[in-house]
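Participant: Just the structure for this:
(one chain, ligands or ions: 2)
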Amino acid sequence: MHEDTICAPATPPINSTLAIIRISGPESFRAVELLFSNYKNLKPRSAMFGSIIHNNKIIDDVILIYYPSPNSFSGEDMVELFCHGNRLIVHRIISALNQMGIRMAEPGEFSKRSFLNGKIDLTEAEAINHVITAKSEWEIDTAIRQMHGALKDIINTVKNDTILLKADIEAGIDFIEEEIEFVTYEQAGIQAGKISSLIYSLITRCKTGEKLSRGIDVTICGKPNVGKSSILNLILNRERAIVSAIPGTTRDTISESVQINGIEINLTDTAGIHAPDNEIEKIGIELSHKTIEKASIVIMVIDGSAEITDEDRNIISELHGKQKIFLINKSDISNARTIKKIQDHTDPPSILFSAKTGEGLEKLRDAISKILANEFVEYKDSFVADMRIIDLLEKSAENISRAAELINYNEPVEIIAFEMQALIDNLSGITGEITPDDILGSIFSRFCIGK
Ligand SMILES: Nc1nc2c(ncn2[C@@H]2O[C@H](COP(=O)(O)OP(=O)(O)O)[C@@H](O)[C@H]2O)c(=O)[nH]1
Ligand SMILES: [Mg+2]
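Facilitator: Ligands and ions are numbered 1, 2, ... in the order given. So this is what the prediction gives:
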């Protein structure tokens, strides 16, 4: 299908032990013959040592692997060579390839060829991209499952069920005179219901994945000097935010990523909420309120070494309806009576904490994990779907709801079949069987060079 041959470095342009260059297309083996000293001993898909020689000069010693079509990532003839990780060497090898008419690949072009040659579908291509960009353990595990076809398989099951149901419904048309029904309206309705619940469960699982990929916003709030920044630093295990005994030290929000139980958390420290002393503090505090509003989980910190105040109580009421965790900080210098008084004001019960000794850190992590597990029940079965896939699933859900309604009202078979065909088309768009060129372009252009 593709006449031209492409090449690209698959590793970043930095000095490293090794760099990898990929070549794909019909001229791949000719390039090897012209440049690689040991091409005669090459066996398919086996590593071979030799030199890259260009204009009678050795550019580098390399390990080279040749993958004849169709048993390669792209499905075309492919070469991967491992040279030393010096960008000048990589540049010289790429230049030598360019000189023999092998052009630089565009971002994602190897994957695009893999897709066009039927080696992977769009859900798997999407997953490969996520394997590379994943920021959490959860995302890597999920992306690998999807790269192995987890989402594709379910989409194909839903699609095949739809095709069968449509065929059954349509078969009835030919035998309408004889009054043979291949499927009754009632049976068709039940089947449509099953398809519908599969699609809705896919939507939830994809949306969960989409949210988790972006990271969960967790905000630390409280009045000044209660230890918010100290707690951020403790969770991150480094001195990210300035900690001082002077109230109002943190004036801007500070956000950092951290993994909790394999899930990426965007943890934000905020300016202490109270009646501001000056303009800068006022702006910081307004930002704190906004950050709290947007957060999925709020960690509110209360100073356990002092009496609870109206400022604390105001913040507590601001958190009404939010997922929240209360920490009574400075437990190392607090007393039982003060703690008891604070406990009376917090629901859920607060965790006794000390940013100084680390007391309560494990309980805090557990509390966050527990909220995540409740909020995202299906997170272990979720998918790394982009908005394109979610959008097509939502259209599919509309199609099957309409079809079910038509079946319910015993509408003519042709109208039902028409709706079911729209459903099949939308499902085919997800895997990429029917996908316009410009959409393919926008999907693969998000990939790295050399992927
Ligand atoms: N004894 C004790 N002091 C703490 C603890 N956490 C914070 N502090 C102190 O409280 C003061 C304010 O801390 P900081 O993290 O800047 O509070 P923030 O204004 O809420 O961000 C600093 O002097 C910290 O050293 C703790 O758990 N125990
Ligand atoms: Mg602070």
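Participant: If I look at Glu177, what pLDDT would I see?
Facilitator: In this model, Glu177 is scored at 59, pLDDT.
Participant: Name the residues of the chain found near ligand 1, please.
Facilitator: For the chain, the residues in contact with ligand 1 (C-beta under 6 Å from any ligand atom) are 222, 224-230, 243-245, 249-250, 272, 329-330, 332-333, 354-356. The way it works is simple: take the backbone N, C-alpha and C, and place the C-beta from them, glycine included.
Participant: Which residue, other than its chain neighbours, is closest to Thr346?
Facilitator: Excluding its sequence neighbours, the residue lying closest to Thr346 (C-beta to C-beta, 6 or more residues apart in numbering) is Phe326, at 4.1 Å.
Participant: Wait, the one you found touches Pro348, no?
Facilitator: Yes - in this structure Phe326 lies within contact range of Pro348 using C-beta atoms under 8 Å: 7.0 Å.
Participant: Pick out whichever of the two has more residues nearby.
Facilitator: Phe326 (25 against 11; other C-beta atoms under 10 Å).
Participant: What distance do you get for the more buried one to His274?
Facilitator: 18 Å (C-beta to C-beta, to the nearest Å).
Participant: Phi, psi for Tyr185 please.
Facilitator: phi -60, psi -40 (degrees, to the nearest 10).
Participant: In three-state terms, label the closest residue to ligand 2 within the stretch 51-200 of the chain for me.
Facilitator: Closest approach between the stretch 51-200 of the chain and ligand 2, counting by C-beta to the ion: Lys135, at 25.4 Å. Secondary structure state of Lys135, per DSSP: H, G, I helix; E, B strand; the rest coil, is coil.
Participant: And for it, nearest residue in space, chain neighbours not counted?
Facilitator: Glu264 (4.9 Å).
Participant: May I have the residues that are in contact with the one you found?
Facilitator: 135-136, 138-139, 212-213, 215-216, 257-258 (C-beta atoms under 8 Å, 6 or more residues apart in numbering).
Participant: cool, Ile342 as well?
Facilitator: So, once contact is read as C-beta under 8 Å, 6+ apart, Ile342 ends up touching 302, 304, 308, 312, 328, 350.
Participant: same check, this time on Gly272
Facilitator: 222-226, 228, 247-248, 250, 285, 288.
Participant: In helices only, show me these.
Facilitator: 228, 285, 288 (DSSP state H).
Participant: Of these - the most surrounded one?
Facilitator: Once you tally neighbours by other C-beta under 10 Å, Lys228 ends up highest among the ones in helices among the contacts of Gly272, having 31 neighbours.
Participant: what about that one, distance to Ser244?
Facilitator: 12 Å.
Participant: swap in Ile299?
Facilitator: According to C-beta to C-beta, Ile299 and Ser244 sit 20 Å apart.
Participant: Looking at the two, which has the bigger crowd around it?
Facilitator: Per other C-beta under 10 Å, whichever of Ile299 and Ser244 has more neighbours is Ile299, with 26 against 11.
Participant: Strand partners (parallel or antiparallel) of the one helix or strand the more buried one maps to?
Facilitator: Using DSSP states H and E, the element containing Ile299 is strand 297-303. In the sheet, strand 297-303 lines up against strand 216-221 (parallel), strand 323-329 (parallel) (DSSP bridges).
Participant: Alright, calling it a day.
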